[in-house]
Structure formats: structure tokens, C-alpha cells
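Asker: Build me a structure from this.
(chains A and B)
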Amino acid sequence: MASNDALPRLFPRHFRHTTTALGVAAVLTVALTACGGGSGSGGGSDTIQLGAEASLTGPGAAVGGPQTNGIQMAVDEINAAGGVKIGGKSVKLGLQTLDDQSRATLAVQNVQKMLQGGGSHYIVGTLSSSSVGAYLPIIKDRDDVISMVSGAVLPGITDNKPVYRFQTETKQLDDGTGNVLLSKGAKKVAMLTDKSHASYVGNTDSFVRKLGAAGISVATQQQYQFGDTQYGAQVEAMLRTAPDALLFRGYATDLIRAITTARQLGFTGPIVSSAGYTDQEVTDANAAPVMHDVTDVGSPPVDYVASAAGGFDATLTANAKKFADDYQARFHQAPGLLSANGYESVYLLAGAWAKAGSATDIPKVRTALDGLKPADVTANAVLPVSGNTVFANHQTIFALVGLTYGNGHWAPSGKVDSTLGPA
Amino acid sequence: MLQTIVVGLVEGGVYALSAVGLVLIFSVAGVANLAHGESVVVGGLVAYAAGTYAHVPYVLSIVVGAAAATVLGLILSLVFDRLRDAAETGVLMASLGLILIIEAFGVTVFGDEPKSVPAAPGHVLDLGGVRIPAVWAVIVVTAFVLTGLLRLYISASRPGRAMRAMAMNPYAATLMGIARRRYAMLAFAIGSCVAGIAGALLASAFPIGATSGEDIAFKAFIVIIFAGLGSIGGALAGGLLLGVIGAVASSYIDSGYANTFLFAFLLIVIVLRPNGLFGVNVARD
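Answerer: Here you go, the predicted structure:
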């Protein structure tokens, strides 16, 4: 009965030791990881220290890296210009960038590290909803912290006094995708959601009800795990319901795989998402042939604002063009999905400090942020906001656009209403 | 249901190709190589680079990817050889450290965006309504062919017999004049080569990124525990079975618990058959 390929098992002899060792190794790895990963640029008593909570590695790096580049650019520009004028005195900025490796647990450690020993009281960046959701309990009751989020779209975070968000929130994005589905004539859709994307998951029930009220039924809701490489089972389950359209909710790097699978399995209809794909991501994944009839909803990309086609205010258009050109020159690539958000969020803080006459009196800075008008930051604004103030209840409202892919580029195909049915 | 099974076989084919190499390394070299998933990733990313930047033909890009993974395997074997007298905890720490180092290197060189090998076969077979992209079929067929060749090599060749002897009793094998270090390196090279082919094929069907290795290694370890350690054929069967079970459960029950289903099935198998699904007969061979 000998099986020739049989290799005697060694595991039983080692298994218990191995299991113990694995546990020890895991604990040590987490501990070691928590000790490293920081990089800074400046600091000191005469500087305002910013802490960038950044996703520079891991699945979120494709978006988090360019977001952090934008933050770094703004800090360097402000310092090169002599600093921020606060009460007649020029104050320079320091930036401590801590990588969370796209993991919420590390984001918590990063924020704790930033706040330790009189460190930074201004948190910028934050890519993922899981991250901000994880560190929120640390800061939500503190009067001495402001987190200027320029990535995470988790609903509800701006209900907390320290949190301001210069990024579209999930509810707007979901509603926008619903309006695109309506425009496509879809009556029955199949939905795929990243189950670790806290903001999408949290908004799902409400969104499904809204879609229903708008005449769109959700035939099936499938889930996947952030970073999964294969989506065949979920997509096959979605296609079994014969949907008019597919609705994908998650990060671009994952959804490109899901779109590829859907097309491989024969789905030719519309696919709608709010993932913020970049041209490079589509190119790297050789996914251009499968991107037909994919509409991605988001705030206007900076290159669209920079172009005449955008039809925005001349100053804003010029600023956006300068930003895009400078970014390209410095990083040898086009700005990413959140580069401009990261960049302008630093200028918003600078505007608030100047207006408040202080960077240390945080309640006063919050009051300044609450009343900050677009005109207060016109000189450095690169993204269009609506409303009389930049923040309404700590949240910026952007106009949404639908983007479609063609000739190697994502380009806006039209404005999209960010409200679906009754609120 | 047939379409779901096809999807499961493809997922299982990738698991199997990863697990087959891992089982060889584990049995012969005695190393629980947690960094095995990195060989899969290196195979995929180097195949991508060869196809994209050097414009080599598709099949050659697979070969280049496999070669790169083989080189990585040899480097890993040297590292683990230096650690052969270290405590298991140290070896596992080194293994985890290697994952972080290789990932960081991969991100630096290739970036974090998932990559896909260009010029892969793009046509789709339609068999009575069941759609099978050609590249998916290639993955499953390759899993069978490579496993068969590896079984043949292990059973019929002199180096294969030496590796079996090492797996049975490394101490006795050394006393019998078998060059332990050389055959451990050979196991790493072959196991990593198979992983590299798996990675290149995976990246032909679904884009993979520099940080995809952990999940792949995780699945490969599930397969070899579930199937029963020590059997190359068992790794193939276990991988395919696990892929199909995962796909059917995800597609028909709840995709939000895909990994939960895999672990539940693993637990049931271990409780009922502690040596793994294919482990008993193998153990008595």
C-alpha cells in the first residue's frame, strides 16, 4: 500500500512546539512593528507639529502614499514660504509621519505615539475608515486634539468635536452610485461590499432601503475581505440573480480584480462603484479591456478641476493646475485620488490658525475651522467645495462626478447628485 | 452549481500549487516556511515585470517568474540552514521577519498596486453555459501536471529517494551519506519554483500585489494541515477540495464568512481524522 509520493509527517513531533512558537512570534511581531515605522521632518518648540496617520504600505498604500505626498507638499510649501503667520509671527510646521501598514491596530498605536509627551495635537491624513474608527475612542472626548481627516469616509465621525473631514463621506458616495444606477435604468442590482470597510458596511442597510425607495431592488449582497485575490464565488452568486447592474463598494485595488472576474464570467452590463481608481492601477492590472461600462463616482479629480472642461473658478483652476504640475515634478507621477485632499487639508488648518491667532488654543482653532469660508483659503484651494463655509458640521460637501475609463484615462462623464431620494 | 465548482477548482488549484511546494519544503527541510507565500508573489510580480518591461512572450514570462522564485527559495534555504540549530521560536521569528523584509522590498520595487501578467490567454471557453476563461483552465491543468511530475520525481529519481529518506528520518539519512544540506536546498528550490509558477499563473488571472503573500501562505498551511502532512498528492486533492468547499459555501450560504467556512471544515476534519483527510494511509506507507 505504499504511496510513492508519501513523505513521512513531521508535524506531530513539532506541532505543539510550533503552535506555541507561532503565538510567541505573533506577539513579538506586533510588538516590534509597534516600535518602528516613523519618519519625521522637523519639530521643536517654535514649530507646530503635525502627525500624519498614513497608510504607506499594505493594501491601502496605492491611495495612502499619494495622500501623504500631498500633505508633505503642503508642509514643505508653507515652510519654504517662511511658515504660517500667526498673530504677526511666522511659525514653521513639523511633520511626523507614521505608517499604519493599512491596519487599524497600528493606527491606534500611531495616534497614541503622536499624542504622547506633548507631541502633535494635530492629526492629518487617515486613509481608512477602520483606522479612524479604531483611534476615535482615544481622541473623541479630548479638547486638545484636532484630526483633519482627508481619506476615511466612515459616516458619523464628524459628530465628534475633534474630527473634521475634507473628503466626501460614504453616504454621499453611496447615494451618488444610486443615482448613476437610476440613470442606467437598473431595476435589479447585485451588491458586493468590502466587509472590513467600516463605512460601507455601516451604511449598507440604510442605502439598501434608499435604493428600494428609488425603485431599485438589491437581489443579493455579497462580501469580500480587503486584499482578497479571488472573487469568483461572490461574482458567480451575483450573476445567478441576473442583475441589470453590479454595484461594487470597496477599495480600487480589490475592485479591479472583481471587475475582471465579472467580465471573465460573462457580465457585460454596467458596473458602478465609488472606489477612486487611478489610471496606473488599471494599467498595472492589465484591466483596460474590462473597464467598459464601469462608472466610478467621486469628488472631482484635481486634473479635472485644473482643466478648462471643469468650468470652475479661474483661481481654483489655476491653483489645481499648479498643484498637479508641482506634484508631477516632485513625485514623477500624477496626483493620486486623495493627494489634493491631503494637501489642502493642511492649508485649511493653516487658515484656521491664522484666523484664530493661535495654534495652541485648540477650542479657538475649532471655532475658526467651523467658520472658515472658502474665501479664507482661496489662495491655496485646489478642490471645489459648496456652501458658505468649508465645513458644515465638520464635514465638507463636494460636488460629485461620475468617471468613466477610456483611452487609458479616467475622465468625468458628468455631474452626479449626491442625494438619493428623501434624506 | 457547475459554474461555482469551476470557480472553486480554480481557487483550489492556486491553493494546491502553493501547498505542494510547501509540503515538500516542510517534509524534507523540516522548516515551517511561513514566507512561502512570498515565493508565489515574487513569481507573479517578476513574470509581470518580464512581460511588461522586457516584453518577453507569455510562456517565457512564466519561466522567468518561476526562476526568480527558485532563486528566492535558494536564498531562503541558506537562511534557514544557518538557523538549523536555533530554537523553533527563532526560526519562526526569522520566517515572519523574512515576510516583512520581502514585502517591503516588493513594495519598493513594484509599488503596492496589484499587477497582472500581460498577454495571458484571454479567450473564454463556454461549455454548456459554464464559462471557463482559458487562463483558469491553465491553472487547474498545471496543478495536476506539476503534481504528477513531482510525484514521479520523488518516487523514481535518485534525488527524490534521497529526499524521501530525509523526510522519513533526517538523522539516519545523514548517517547513510545523504547530503542533508544539498537536498534541503533542492527541496526549497523545487518547492519555490512550483510556488513561482503558481504566482505567475495567479497573476495571469487575477492581479496580485506585493503584500498578497501572507494570505496565500495562510491558505497553503490550511491545505497541508487539512489534507494531512507529507503527501504531495494529498496537497493537490486537499487544495482542490478546499477551493470547491469554500466557493460553494461562499456562493450559496454567505460570502462574508468565507474563511470561517474553511476553518470550520478544517476543525471538523482534524477532530474526525487527526492525521488529516488523506493522512492515515500516508502515515502507514
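Asker: Residue A:55 - nearest residue in space that isn't next to it in sequence?
Answerer: Here the nearest residue to residue A:55 in space, its sequence neighbours aside, is residue A:64; by CB to CB, 6 or more residues apart in numbering or on different chains that works out to 3.1 Å. Just so you know, the C-beta spots here come from the backbone N, C-alpha and C atoms, and that holds for glycine as well.
Asker: Which secondary structure state does the one you found sit in?
Answerer: helix (DSSP: H, G, I helix; E, B strand; the rest coil).
Asker: burial measure for it, as a count.
Answerer: By other CB atoms under 10 Å in any protein chain shown, 32 other residues sit near residue A:64.
Asker: Looks like it contacts residue A:151 (just checking).
Answerer: Yes. The pair formed by residue A:64 and residue A:151 meets the contact definition of CB atoms under 8 Å, at 7.1 Å.
Asker: intersection of neighbour lists for those two?
Answerer: A:55, A:125, A:127-128, A:338 (CB atoms under 8 Å, 6 or more residues apart in numbering or on different chains).
Asker: and the least confident of these?
Answerer: The lowest pLDDT within the shared contacts of residue A:64 and residue A:151 belongs to residue A:128, with 87.
Asker: Quick one: residues contacting that one.
Answerer: A:55, A:60, A:64, A:100, A:102, A:104, A:107, A:151-152, A:197.
Asker: top of those by neighbour count?
Answerer: residue A:64 (32 neighbours).
Asker: Sketch out the low-pLDDT regions of the chain for me.
Answerer: Since no chain was named, I'll use chain A. Low-confidence segments of chain A (pLDDT under 70): A:1-45, A:117-118, A:422-423.
Asker: try again with chain B
Answerer: Looking at chain B by pLDDT under 70, you get B:279-285.
Asker: what about 80?
Answerer: B:84, B:88, B:111-113, B:119, B:122, B:170, B:227-230, B:256, B:258-259, B:274-285 (pLDDT under 80).
Asker: Would the longest helix seen in it count as contacting chain A?
Answerer: Ranked by residue count under DSSP state H, the longest helix found in chain B is helix B:2-29. Yes. Counting by CB under 8 Å from any CB of the partner chain, chain A is contacted by helix B:2-29 at B:3-4, B:7-8, B:10-11, B:14, B:23-24, B:26-28.
Asker: mind listing what's buried in that helix?
Answerer: B:3-29 (16 or more other CB atoms under 10 Å in any protein chain shown).
Asker: Would you mind pointing out the helix or strand the residue of the stretch 51-200 of chain B found nearest chain A falls in?
Answerer: With CB to the nearest CB as the measure, residue B:155 is the residue of the stretch 51-200 of chain B nearest to chain A, at 3.1 Å. Here residue B:155, judged by DSSP states H and E, is contained in helix B:134-156.
Asker: ok, residues contacting that helix?
Answerer: By CB under 8 Å, 6+ apart, helix B:134-156 touches A:4-5, A:7, A:264, B:6, B:9-10, B:12-14, B:16-17, B:20, B:24, B:120-125, B:159-161, B:163-164, B:190, B:194, B:197, B:201-202, B:204-205, B:232-233, B:235-236, B:239-240.
Asker: which residues in the stretch 301-423 of chain A form helices?
Answerer: In the stretch 301-423 of chain A, the helices defined using DSSP state H, counting those that start in this stretch lie at A:302-306, A:314-331, A:339-356, A:362-370.
Asker: Next, the contact list for the residue nearest the centre of chain A, please.
Answerer: By CA atoms, centre = their mean, chain A has its centre lying nearest to residue A:151, at 3.2 Å. Contact analysis of residue A:151 by CB under 8 Å, 6+ apart lists A:55, A:63-64, A:67, A:125-128, A:167, A:338, A:341-342.
Asker: Pipe these into JSON lines and attach distance to residue A:356 per row.
Answerer: As requested, the contacts of residue A:151 are exported to JSON lines (distance: CB to CB, whole Å):
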{"residue": "A:55", "distance to residue A:356": "30"}
{"residue": "A:63", "distance to residue A:356": "31"}
{"residue": "A:64", "distance to residue A:356": "29"}
{"residue": "A:67", "distance to residue A:356": "25"}
{"residue": "A:125", "distance to residue A:356": "22"}
{"residue": "A:126", "distance to residue A:356": "22"}
{"residue": "A:127", "distance to residue A:356": "27"}
{"residue": "A:128", "distance to residue A:356": "30"}
{"residue": "A:167", "distance to residue A:356": "23"}
{"residue": "A:338", "distance to residue A:356": "26"}
{"residue": "A:341", "distance to residue A:356": "22"}
{"residue": "A:342", "distance to residue A:356": "22"}
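Asker: ok now the helix holding residue B:155, how far from the chain's centre?
Answerer: Here the centre of helix B:134-156 is set off from its chain's centre by 12 Å, with CA atoms, centre = their mean, to the nearest Å.
Asker: so which of the contacts of residue A:151 comes closest to residue B:62?
Answerer: residue A:63 (30.3 Å; CB to CB).
Asker: now that closest one: how far from residue B:131?
Answerer: 32 Å (CB to CB, to the nearest Å).
Asker: who's more crowded, the two?
Answerer: Neighbour tally, residue A:63 and residue B:131, criterion other CB under 10 Å: the higher count belongs to residue A:63, 28 against 18.
Asker: ok, and the closest non-adjacent residue to the more buried one?
Answerer: Here the residue nearest residue A:63, using CB to CB, 6+ apart, is residue A:337, at 5.3 Å.
Asker: contacting residues for the residue nearest to residue B:243 when sequence neighbours are not counted?
Answerer: Excluding its sequence neighbours, the residue lying closest to residue B:243 (CB to CB, 6+ apart) is residue B:12, at 2.1 Å. Contacts for residue B:12 (CB under 8 Å, 6+ apart) come out as B:143, B:239-244, B:246.
Asker: returning to that earlier point: and the shared contacts of residue A:64 and residue A:151, which is closest to residue A:143?
Answerer: Relative to residue A:143, the closest of those is residue A:125; by CB to CB it sits at 21.5 Å.
Asker: The closest one pairs with what?
Answerer: Beta-bridge partners for residue A:125, by DSSP bridges, are residue A:53, residue A:149.
Asker: Could you measure from it over to chain B?
Answerer: 16 Å (CB to the nearest CB, to the nearest Å).
Asker: Give me the neighbour count for the residue in the stretch 51-200 of chain A positioned nearest to chain B.
Answerer: Of all residues in the stretch 51-200 of chain A, residue A:61 sits closest to chain B, at 3.6 Å by CB to the nearest CB. Neighbourhood size, residue A:61 [other CB under 10 Å]: 26.
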